[in-house]
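Visitor: Pasted the sequence and its predicted model underneath.
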Amino acid sequence: MKGVDHLAHERNKTEFDVDAMKIVWAGSRHAFELSDRMARLVASDPAFQKDGRIRLGRKELFKNTLRKAAHAWKRILELHLTEEEAGWLRNFVDEPSFTDLHWGMFVPAIKGQGTDEQQQKWLPLAYKMQIIGSYAQTELGHGSNVQGLETTATFDPETDEFVIHSPTLTSSKWWPGGLGKVSTHAIVYARLITNGQEHGVHGFIVQLRSLDDHMPIPGITIGDIGMKFGNGAYNTMDNGVLTFDHIRIPRNQMLMRVLQVTREGKCVKSNVPRQLIYGTMVFVRQTIVADASTALARAVCIATRYSAVRRQFGSQDGGMETQVIDYKTQQSRLFPLLASAYAFRFVGEWLKWLYTDVTQRLQANDFSILPEAHACTAGLKSLTTTATADAIEECRKLCGGHGYLCASGLPELFAVYVPACTYEGDNVVLLLQVARFLMKTVSQLGSGKKPVGTTAYLGRVQDLLQCCCDVQTAEDWLKPSVVLEAFEARSARMCVARAQNLSKFENPEDGFAELSADLVEASVAHCQLIVVSKFIDKLQQDIPGKGVNRQLQNLCYIYALNLLHKYLGDFLSTGCITPKQASLANDQLRSLYSQIRPNAIALVDAFNYTDHYLGSVLGRYDGNVYPKLYEEAWKDPLNDSVVPDGYHEYIHPMLKQQLRNARL
Ligand SMILES: CCCCCCCCCC/C=C\C/C=C/C(=O)SCCNC(=O)CCNC(=O)[C@H](O)C(C)(C)COP(=O)(O)OP(=O)(O)OC[C@H]1O[C@@H](n2cnc3c(N)ncnc32)[C@H](O)[C@@H]1OP(=O)(O)O
Ligand SMILES: Cc1cc2nc3c(=O)[nH]c(=O)nc-3n(C[C@H](O)[C@H](O)[C@H](O)COP(=O)(O)OP(=O)(O)OC[C@H]3O[C@@H](n4cnc5c(N)ncnc54)[C@H](O)[C@@H]3O)c2cc1C
């Protein structure tokens, strides 16, 4: 049987309406139609082809990215695409570039932290790309500790300007994307100093390069920080280094929504909390959660299709060997990742809703849910990116040796994706933020303050500390209330135990530092509970399409029960479940794998990825893996000649030497 036939046969086994699932995955019919149209537009345009990208040297690679970004912008203008359509188009071009920072951080920072006048002045320029912006926060010496940044912005009342300066080597801006070679402007984060007094870190709009000849403004030193992990991958991005030698900017270029500096240099606080200065990070972390499901789904799509094509062992009487997807070990590694892709999709959808809600409340001067929005975006960004990076690597292993070939698409996907565990906040640092939020919530329980939102379950802590899981059969694990209670009880018990340990320390900060590794575990438990509960909420919605809800239920329980299995130590040590119940959960998990098996290919087809976007020979829609892999190998530049360059200098003399030695 040819690869093509393998997948056709697989698709015939499907037990649900794939087109309906495509809409569930996309979020709505509108989102599906729009993303589908943009994906096809990009895939059919030869200017966006990706072949051979990994073989390009840095300069060629970077120029190629500039070409694609310019072509994308041209098409966006020619086709009069909406902002939403343009976002999808850039997404499917599938190459990190300066435009990510321009649209993803520079514009949102002005929108979130700029006054109305600042928005009116700068946004039209940015929307028309008459200026290109970066987000320059991190420095050589400090990234996580934002309040430790060293760049200064000193107000000069004589000229009504700020003087932006890099006082030390470690104050050099380091990492901002798009900064190295492209951006004309940046939001630069610096310590505000007026009348000799410090007022914390704030954002400033600074012009970096001439709009005529692209040369740096005198006093600015700027360049690229060098090659990063992997071939191709994130090297399409010009992450930059930047220093300022007393650069002057007008006073009205400080983003002043949180704090205004008057003509006299007086600081006037608005009613907006200081934390709004961190608002752009909250926005981007929320988008990163949605992106995690996309990246994970790509890897899972490749590994699932290839697992159905690949056969090893089990042949009897010269018959067919077993498809590797039929091995229980393969299923137990692959299907939880498939379930995670769906789980992250739905929690991403919910987080987007939460972010929209927070934004509306902020506009109405209601800041009450900002701490929760921060904890949720930080925690879920951490949880989903860590899981996705690990999952891409697992998918590579699931594809055996061929997964290691660049033609599988997985090495590049991993290299592009893995920095998501670091940028927008190191994942451990972010979990520590969640832990602070959880400990604060627990400490306020006695005062009668009722926790709301994602911590509402902590309001039932007394019940959760005592509850006993009443699972008696494997089927009992298919009740949403049972699963939810087990996850709530585990998280509540971990939080309370950590809070009790913290209370033994005289100085809470010393306690927090000493117990930080345990605290991070509690944060993970809390974030996993959020994902499980949002998946369960999704199942309660009226989801049209034959068999769709059934598949989603199976995926939801696979996600939850696999976590229960993986973190069994937590569940058992906190007494949420018994070893017998854990064993029943495992029995149920195996049964769920068998139920998902015939639908696996259709469940990845529902992602609706084009072959262009997947960029993988192993993950091709038609399953025609071997002929294409063979064809691909011959494209390698090493195969341009039969006898390699270097033969005459290095191989031939060696062989001759061996011959001479042998004769002696
Ligand atoms: C339209 C298209 C969309 C496309 C999207 C494209 C996405 C593009 C992606 C491109 C890829 C890469 C770009 C990468 C960019 C970057 O990496 S930018 C740099 C990011 N840097 C970080 O994330 C730094 C991490 N560090 C921090 O966030 C903070 O410094 C930290 C929170 C760790 C500590 O802050 P401190 O103020 O020093 O300390 P603390 O006392 O702990 O906090 C005070 C107080 O503030 C609350 N808080 C902290 N952060 C936030 C926040 N973000 N929002 C709201 N509130 C926050 C904290 O809980 C405390 O509250 P409390 O009540 O006083 O306890
Ligand atoms: C590809 C990429 C793109 C980026 N793009 C941008 C950009 O556009 N703009 C921008 O401004 N920045 C950007 N960054 C920088 C990024 O935001 C920072 O690297 C990130 O916030 C982590 O900070 P750091 O490098 O200072 O790590 P560090 O804080 O130095 O982390 C090093 C280690 O120390 C640990 N650690 C640190 N603090 C604590 C603590 N309090 N408790 C326990 N452990 C701790 C961390 O967990 C980690 O293991 C980018 C980074 C990358 C990799």
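Guide: Noted; the coordinates are in hand. Being a predicted model, the structure only gives us computed values, none of them experimental. Ligands and ions are numbered 1, 2, ... in the order given.

Visitor: where does this structure dip in pLDDT?
Guide: Regions of the chain meeting the criterion pLDDT under 70 cover residues 1-5, 659, 664.

Visitor: near ligand 1, which residues of it?
Guide: Taking CB under 6 Å from any ligand atom as the contact definition, the chain meets ligand 1 at 87, 100, 103-104, 135, 137-138, 143-147, 177, 275, 278, 281-282, 284, 287, 370-371, 374, 423-425, 429, 433, 436. Any C-beta I mention is one placed from the backbone N, CA and C, and that applies to glycine too.

Visitor: Buried subset of those residues as a PyMOL selection?
Guide: A single PyMOL command selects the buried members of those (16 or more other CB atoms under 10 Å):
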select buried, resi 87+100+103+104+135+137+138+143+146+177+278+281+282+284+287+370+371+374+423+424+425+433+436
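
Visitor: Just the residues of the chain next to ligand 1: which are in strands?
Guide: Judged by DSSP state E, the residues of the chain next to ligand 1 include Y135 as members of strands.

Visitor: what's the spacing between the helix or strand harbouring L77 and its chain's center?
Guide: According to DSSP states H and E, L77 maps onto helix 58-78. Helix 58-78 sits 23 Å away from the centroid of its parent chain (CA atoms, centre = their mean, to the nearest Å).

Visitor: Show me where the stretch 101-250 of the chain has its strands.
Guide: Counting by DSSP state E, counting those that start in this stretch, one finds strands in the stretch 101-250 of the chain at the ranges 133-136, 152-156, 161-165, 173-174, 185-194, 197-207, 220-224, 240-244, 247-250.

Visitor: which one of the ones you listed has the most crowded surroundings?
Guide: Across the strands of the stretch 101-250 of the chain, averaging neighbours per residue (mean count of other CB atoms under 10 Å) puts strand 133-136 on top, at a mean of 29.

Visitor: Which strands or helices does that one pack on?
Guide: helix 98-101, helix 107-113, strand 185-194 (3 or more CB pairs under 8 Å, 6 or more residues apart in numbering; DSSP states H and E).

Visitor: so which of those gets nearest ligand 2?
Guide: Ligand 2 lies closest, by CB to the nearest ligand atom, to one member of the helices and strands packed on strand 133-136: helix 98-101, at 5.4 Å.

Visitor: can you list the residues that contact that closest one?
Guide: 69, 72-73, 90, 132-135, 176-179, 182-183, 237-238 (CB atoms under 8 Å, 6 or more residues apart in numbering).

Visitor: Any idea which residue of this protein lies closest to ligand 1?
Guide: For the chain and ligand 1, the shortest gap (CB to the nearest ligand atom) falls at G104, measuring 2.6 Å.

Visitor: what sits against that residue?
Guide: With CB under 8 Å, 6+ apart, G104 has these contacts: 284, 287.

Visitor: which of the contacts of helix 98-101 count as buried?
Guide: 69, 72, 90, 132-135, 176-179, 182-183, 237-238.

Visitor: Which pair of those residues spans the longest distance?
Guide: A72 and P176 (21.1 Å; CB to CB).

Visitor: how about JSON lines for the strands of the stretch 101-250 of the chain, with distance to V258 added?
Guide: JSON lines is the format used below for those (distance: least, CB to CB, whole Å):
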{"stretch": "strand 133-136", "distance to V258": "17"}
{"stretch": "strand 152-156", "distance to V258": "14"}
{"stretch": "strand 161-165", "distance to V258": "16"}
{"stretch": "strand 173-174", "distance to V258": "21"}
{"stretch": "strand 185-194", "distance to V258": "11"}
{"stretch": "strand 197-207", "distance to V258": "7"}
{"stretch": "strand 220-224", "distance to V258": "26"}
{"stretch": "strand 240-244", "distance to V258": "22"}
{"stretch": "strand 247-250", "distance to V258": "18"}
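
Visitor: Out of those, flag the one nearest E485.
Guide: Here strand 133-136 is closest among these (CB to CB), at 42.1 Å.
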